[in-house]
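Give the three-dimensional model of this entry:
(chains A and B)
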Amino acid sequence: MTRPSAIAKATDAGFDVRRVRDDFPALHQEVHGKPLVYLDSAATTLKPRVVIDAVADVYARDCANIHRAVHLLSQRATARFEDAREKVRAFLNANDTNEVIFTRGTTESVNLVAQSWARTFLREGDEVLITELEHHSNIVPWQIVCQQVGAELVVVPMTDRGEITREAFEEQLSPRTRLVAMAHVSNALGTVLPVEPLIGLAHEQGAVVLLDGAQAVSHVPVDVQALDCDFYAFSGHKLYGPTGIGVLYGRERLLEGMPPYQGGGDMIRSVTFAETIYNDLPYKFEAGTPDIAGAIGLGAAIDYLRSFDQEAVHAHENAVLRYATKAFGSVDGLRLIGTAPGKVASVSFLMDAAHPHDIGTIVDSEGVAIRTGHHCAQPVMEHFGIAATARASLGMYNTTEDVDALVRALQKVKELFG
Amino acid sequence: MMDLRELYQEVILDHGKNPRNHRFPEPHNREGRGYNPLCGDKVTLRLQLDGDKITDVGFMGQGCAISQASCSTMTQAIKGKTVGEADALFSKFHAMVMGEAGADDDFDSLGKLAVFAGVREFPMRVKCATLGWHTLNQALRNEGGEAKTE
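As a prediction, this is how the structure comes out:
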């Protein structure tokens, strides 16, 4: 079990990044003979020791299926699993644990809403509104359901800085808009969307709103009641938790009216060949044995994160982001992609000297891990007329020294390709 | 320690910066289109096949130094070759960049293409080196659609 006393606490100054780094075993290794500099947290965050231990402890001690047997191990596993659900509820400030559904990740959460809510309630001529900066996972599920029901997918264009403006949103929003699905934070560019006013506008038109929170949860405060969103999707592995576990928050009233997404396992109350009665929320949407250890690991990650002053964590990350943005500006021939004033955690860029893939290989040889490619956001690449970018993205453990290491590695790119 | 110079040999840097045959030949009677979904790189290859012989070949498209240099050196290597000879080169090239067993001793027969031997040490970049070759394969077979590296 996680003991809060064993978790690194914030210092008086608010946040001690050195102590945080001690909590992440993966940081303390060499790659290609150089100390690892991990700048790819937007792809997945590293995991603190408490999360790794929590997952191992489930398998070592409380290894049992949940909601099943009367034996003690099953009772313990069930209690820890449901305890994790409560931690997620508190983290999102959801009203009730009935509104917290465990999934495999953001992608499955979005697909659940598309296939359960949208497929049931959308009709021909209805519109689903997304934005130009979405990840493929928040585009393709809507294309699929629009094709199934004859609805239309409408896209809010972004500006050349990578912003979604209220004006552009209002222009595409119409009385036919039944559902708005948009990122809380862009994965390719780091833009924070002005979701609160946009949700208000969508609700005025009677539309339901889903936020893709994959890139937001570890960088901005998330309060689903304050946001007033109808669905909120995120992945555990981008919140310092394990891969394979994710969450869909949904408003209870909406979830109650939705049919199950998958059949089998936990989602059933009783089965005869004539009729099946579905289980209550949230189990109605949790068919099959879930990732029990993953959910408990996610609970441990939330405990870990909440052991710090959240404002201090975000302030630290924003300071490193500002430092990185400035440092990259000093590299000749480097161009930033995505320059919205409201950004968190990610810097996408191009260099005159080399293609992003070559940049990725060269900085990797210097121990620096960044992401290169289209970031599963090809429409964003198309907007800028490019095939790919290099992207450095931050976690709570990154420092300005990490940024310096990347800038030095970028000089190496110029030496080789100059 | 990885040696970047093993990957980015002078020939590769040169061809990456100034790709040869970076044009569409006229006339041409075959076309292949290649796409690397990993990075979004795209290449279009056109060639003139007279009987069994590749009499002219060129490519357009953008990509990393490895993929551009590979397309460039490939077009030089296959110009004037028969389809069978081009296929044989692809097989040897593929075995070399994949680091397949027994591929070690035979690089000389690949001529300039042997500069891509360093790709073996960079598995994430094998697809960059083979994109042009997969596209060639598709053009020669005149199949529809796109050659993919996946």
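
Can you give the distance from stretch A:173-188 to the centre of its chain?
16 Å (CA atoms, centre = their mean, to the nearest Å).

Just the pLDDT at residue 59, thanks.
Just going to use chain A. Per-residue confidence (pLDDT) for A:Tyr59: 98.

wrong one, chain B
For B:Phe59, pLDDT reads 98.

Confirm that it sits in a strand.
Yes: according to DSSP: H, G, I helix; E, B strand; the rest coil, B:Phe59 belongs to a strand.

Contacts only, for it.
Residues near B:Phe59 by CB atoms under 8 Å, 6 or more residues apart in numbering or on different chains: B:19, B:21-22, B:43-46, B:71-72, B:75, B:132, B:135. (C-beta placed from N, C-alpha, C; glycine too.)

swap the cut-off to 10 Å and go again
Residues in contact with B:Phe59 (CB atoms under 10 Å, 6 or more residues apart in numbering or on different chains) are B:19-25, B:32, B:34, B:43-47, B:68, B:71-72, B:74-75, B:132, B:135-136, B:139.

doesn't A:Glu171 fall inside a helix?
Yes: according to three-state DSSP, A:Glu171 belongs to a helix.

burial count for it?
11 (other CB atoms under 10 Å in any protein chain shown).

what's the pLDDT at it?
98.

which residue packs closest to it, ignoring adjacent ones?
In space, and not counting its chain neighbours, A:Glu171 is closest to A:Val156: 7.8 Å by CB to CB, 6 or more residues apart in numbering or on different chains.

Tally up the residues packed near the one you found, please.
So A:Val156, with other CB under 10 Å, has 23 neighbours.

hang on, isn't it packed against A:Val180?
Yes: here A:Val156 lies in contact with A:Val180, judged by CB atoms under 10 Å, at a distance of 8.9 Å.

shared neighbours of the two, anything?
A:129-131, A:169, A:172-173, A:198.

So, low pLDDT: which residues of the chain?
As the question left the chain open, I've gone with chain A. Scanning chain A for pLDDT under 70 picks out A:1-13.

not quite, I wanted chain B
For chain B, counting by pLDDT under 70, the residues that fall below are B:1-2, B:101-106, B:143-150.

Near chain A, which residues of it are found?
B:1-5, B:7-8, B:13, B:16-17, B:36-42, B:61-68, B:122, B:124-125, B:127-128 (CB under 10 Å from any CB of the partner chain).

on that earlier part again, so the residue nearest to A:Glu171 versus B:Leu136, what's the distance?
Per CB to CB, to the nearest Å, A:Val156 is found 41 Å from B:Leu136.

next one: A:Lys87
A:Lys87 sits 55 Å away from B:Leu136, going by CB to CB.

out of those two, which sits in the busier spot?
B:Leu136 (29 against 22).

what's the helix or strand for that one?
In the assignment (DSSP states H and E), B:Leu136 maps to helix B:126-141.

Please name every helix or strand in contact with that helix.
Judged by 3 or more CB pairs under 10 Å, 6 or more residues apart in numbering or on different chains; DSSP states H and E, the packing partners of helix B:126-141 are helix A:356-365, strand B:30-36, strand B:41-50, strand B:53-62, helix B:65-78, helix B:83-98, strand B:147-148.

Just list the residues touching A:Gly297, thanks.
Applying CB under 10 Å, 6+ apart to A:Gly297 gives the contacts A:47, A:50-58, A:84, A:236-237, A:240-245, A:291.

Which ChimeraX command selects the buried ones in those?
Buried members of those can be picked out in ChimeraX with the line below, counting by 16 or more other CB atoms under 10 Å in any protein chain shown:
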select /A:47,50,51,52,53,54,55,57,58,84,236,237,240,241,242,243,244,245,291
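
on that earlier part again, okay, the residue nearest to A:Glu171 and A:Val185: tell me how far apart.
16 Å.

and the stretch 1-150 of chain A, which residues reach chain B?
Applying CB under 10 Å from any CB, one finds that the stretch 1-150 of chain A approaches chain B through A:31-34.

and these, which are buried?
Buried by 16+ other CB under 10 Å: A:31, A:34, out of the residues of the stretch 1-150 of chain A next to chain B.

thinking again about what came up before, buried sites along the helix holding B:Leu136?
For helix B:126-141, by 16+ other CB under 10 Å, it's B:126-140.

Stretch A:373-387 now?
A:373-381, A:383-384, A:386-387.

Equivalent analysis for stretch A:116-125, please.
So, applying 16+ other CB under 10 Å, buried residues of stretch A:116-125: A:116-119, A:122.

returning to what we had before: which among the residues of chain B next to chain A count as buried?
Applying 16+ other CB under 10 Å to those flags B:2, B:4, B:7-8, B:13, B:16, B:36, B:38-42, B:61, B:63-68, B:122, B:125, B:127-128 as buried.

residue contacts, A:Thr191?
Here A:Thr191 is in contact with A:131, A:133, A:158-159, A:161-164, A:183, A:185, A:215, A:338-344, A:346, A:380 (criterion: CB under 10 Å, 6+ apart).

That one - nearest residue in space that isn't next to it in sequence?
A:Ala340 (4.3 Å).

Who are the contact partners of that neighbour?
Neighbours of A:Ala340 in contact, by CB under 10 Å, 6+ apart: A:133, A:158-159, A:161-164, A:186, A:189-193.

try 8 Å
A:159, A:161-163, A:189-192.

quick check: angle from the helix holding B:Leu136 to helix B:65-78?
40 degrees (axes from the mean of the first three to the mean of the last three CA atoms, to 10 degrees).

I'd like the distance from helix B:126-141 to the chain centre, please.
6 Å.

Keeping just the C-alphas, turn it into PDB.
What follows is helix B:126-141 as a C-alpha-only set of coordinates in PDB (Å, rounded to 0.1, in the frame of the first residue of the first chain):
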ATOM      1  CA  VAL B 126      15.700   0.900 -41.400                       C
ATOM      2  CA  LYS B 127      12.400   2.000 -42.800                       C
ATOM      3  CA  CYS B 128      13.900   5.300 -43.900                       C
ATOM      4  CA  ALA B 129      16.600   3.400 -45.800                       C
ATOM      5  CA  THR B 130      14.200   1.000 -47.500                       C
ATOM      6  CA  LEU B 131      11.300   3.400 -48.400                       C
ATOM      7  CA  GLY B 132      12.700   4.100 -51.900                       C
ATOM      8  CA  TRP B 133      13.300   0.400 -52.600                       C
ATOM      9  CA  HIS B 134       9.800  -0.600 -51.600                       C
ATOM     10  CA  THR B 135       8.500   2.100 -53.900                       C
ATOM     11  CA  LEU B 136      10.700   0.800 -56.700                       C
ATOM     12  CA  ASN B 137       9.400  -2.700 -56.100                       C
ATOM     13  CA  GLN B 138       5.800  -1.300 -56.400                       C
ATOM     14  CA  ALA B 139       6.600   0.600 -59.600                       C
ATOM     15  CA  LEU B 140       8.200  -2.400 -61.300                       C
ATOM     16  CA  ARG B 141       5.200  -4.600 -60.400                       C
END
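
residues making contact with stretch A:355-363?
In contact with stretch A:355-363 (CB under 8 Å, 6+ apart) are residues A:350-351, A:354, A:370-373, A:388-390, A:406, A:409-410, A:412-413, A:416-417, B:4, B:7-8, B:39, B:41, B:62-66, B:122, B:124-125, B:128.

With stretch A:223-235 instead?
So stretch A:223-235 is contacted by A:92-95, A:103, A:105-107, A:109-110, A:113, A:117, A:184, A:195-196, A:199-200, A:203, A:208-214, A:216-217, A:222, A:243, A:245-251, A:254 (CB under 8 Å, 6+ apart).

Quick check on those: which are buried?
Using 16+ other CB under 10 Å as the burial test, the contacts of stretch A:223-235 include A:92, A:94, A:103, A:105-107, A:109-110, A:113, A:117, A:184, A:195, A:199, A:208-214, A:216-217, A:222, A:243, A:245-251, A:254 as buried.
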